[in-house]
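In: heads up, no residue letters with this:
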């Protein structure tokens, strides 16, 4: 019985010895990828909120890429999708809605984004 205990423990030790650094490396790569996603997301938001139409279009494209990117988590991509829907809604309605007051830049009193007034 003791003939297999030593080799088994040595094997388990080797697995742990190789597995822990591999897990740390994978985790580090995942964190780096998520950090990269966040930097790109910040740039997309900066462009989306710009007063320049060209930058807004670039922001839309960056956001679309982030929605399909595997660099971020599912929660990150969900956030990008929600912001993309808001951006699309704004583009379709032509409104720049201030969510705190419900007012828009077209001079009308808008109470929600669905157009019910």
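Out: Looks like it arrived, so ask away. Everything quoted here is computed from the prediction, not taken from an experiment. Numbers count the residues shown, from 1 in each chain.
In: quick one, what contacts the spatially most central residue of the chain?
Out: Centroid check for the chain by CA atoms, centre = their mean gives residue 76 as the closest residue, at 3.1 Å. Listed by CB atoms under 8 Å, 6 or more residues apart in numbering, the contact set of residue 76 reads 34, 37, 38, 41, 66. Just so you know, the C-beta spots here come from the backbone N, C-alpha and C atoms, and that holds for glycine as well.
In: Let me see the ranges of the helices in the protein.
Out: 2-48, 53-67, 74-93 (DSSP state H).
In: so of those helices, which one's packed in deepest?
Out: helix 53-67 (a mean of 16; mean count of other CB atoms under 10 Å).
In: Which other helices and strands does that one contact?
Out: When contacts are defined as 3 or more CB pairs under 8 Å, 6 or more residues apart in numbering; DSSP states H and E, helix 53-67 packs onto helix 2-48, helix 74-93.
In: Kindly reformat those as CSV containing distance to residue 62.
Out: Below are these laid out as CSV (distance: least, CB to CB, whole Å):
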stretch, distance to residue 62
helix 2-48, 4
helix 74-93, 9
